[in-house]
Every structure is written in C-alpha cells, then in structure tokens.
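Peer 1: mind folding the following:
(one chain, ligands or ions: 2)
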Amino acid sequence: MASKQMVAAAVIASAIAIVFLPALASATDHVVGDGYGWTLGFDYAAWAESKQFTVGDTLAFKYSANSHNVAEVSGADFKACTKAAATSVWNSGKDVVALDKPGRRWFICVVGQHCRLGMKLNVTVLPGTPAPAPAPAPSHSQSRRFLSEW
Ligand SMILES: *[C@@H]1O[C@H](CO)[C@@H](O)[C@H](O)[C@H]1NC(C)=O
Ligand SMILES: [Cu+2]
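Peer 2: Ligands and ions are numbered 1, 2, ... in the order given. Okay, here's the model as predicted:
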C-alpha cells in the first residue's frame, strides 16, 4: 500500500516536472562578463561564444557608470568601433537589455578607445522554442494499469 502511494507520488512528481521544467529553463538573465562585469581586459567574444542566447533572455551590463557606457550599434559600427547609428546608449552602470527578438545584436562601450581595446559584445539571439502544450493528465485506467504492474 505504502509503496503504491510512493509510486503514485513519483508519477505525479515526474508529470509536474515534465510540464514545468522547460518553462523554468527558458529565460536566462546573462550578466555580461559574469563576475568581471562590463570592463576593460575581458574577452567578450569568448564569453559570448560560450553562451546560448534565446528570445526572452536578458543581458545585464554591470559597470562603473563613471568609467563606461553601453551603446547598441549596427554591425558595421561594431566593426569600426563607432556609434554613428547607435540605436540606444545606456549609462546607468546596471543596464538590462531585453533580447526580445531573434537575430544579431551588437554592443560597444564608446568611452575613449575602450571598444578598440575589447569592450565590444555581439550576440546571436536564437528563436525561443514555443511553450509545450500541457501534457494531458493520465486517465484512470492508464494509471491503474501502470500501478498494477508493480
Ligand atoms: C560575433 O561576430 C563574429 C564576426 O561576425 C562572429 O564570428 C561571431 O560568431 C559573433 N558572435 C556571436 C556570439 O554571435
Ligand atoms: Cu568602457
């Protein structure tokens, strides 16, 4: 009796995990540079290559607002380290950018020569996987047959 209840509890727990785990795993808040933050002397290209960015994730740029800033620029401006057509410039020291659509995004620091010195980050945002339809609850006959096999 007790073991049947334990099996039933395990079945219910797995069903709940299957339904909810993909949702929990889907949105990630990426702190740019992890513990280093957004600063000089860090390899943001390698950092970005080691991550996966998906629609719904965010990028958090953490830095000293006296020393740095963040500009979102075009791919050409990213290469040239200019902000000719910057779409946004942030300078709060803790800027959170929503990755709300798939595609490429380019960010640079436009203080002094910081971009040329490596304060540049490009990411490729992957389309989010659509949320799975909720799994149907097992019917009574199915769960009873499953339990009687134990
Ligand atoms: C950044 O851009 C470079 C050059 O176009 C590209 O090779 C690299 O894959 C991009 N990185 C990411 C994370 O998208
Ligand atoms: Cu800077």
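
Peer 1: let me see the ranges of the helices in this structure.
Peer 2: Applying DSSP state H to the chain gives helices spanning 2-26, 44-49, 75-80, 140-148.

Peer 1: correct me, but residue 68 touches residue 108?
Peer 2: No. Counting by CB atoms under 8 Å, residue 68 sits too far from residue 108 to count as a contact (10.3 Å). Every residue, glycine included, has its C-beta placed from N, CA and C.

Peer 1: between the two, which one's more packed in?
Peer 2: Set side by side, residue 68 and residue 108 show more neighbours around residue 108, with 26 against 21, by other CB atoms under 10 Å.

Peer 1: which positions in the protein make contact with ligand 2?
Peer 2: 68, 109, 111, 114, 119 (CB under 5 Å from the ion).

Peer 1: residue 63 contacts residue 42, correct?
Peer 2: No. Contact status for residue 63 versus residue 42: not in contact, 10.7 Å apart, counting by CB under 8 Å.
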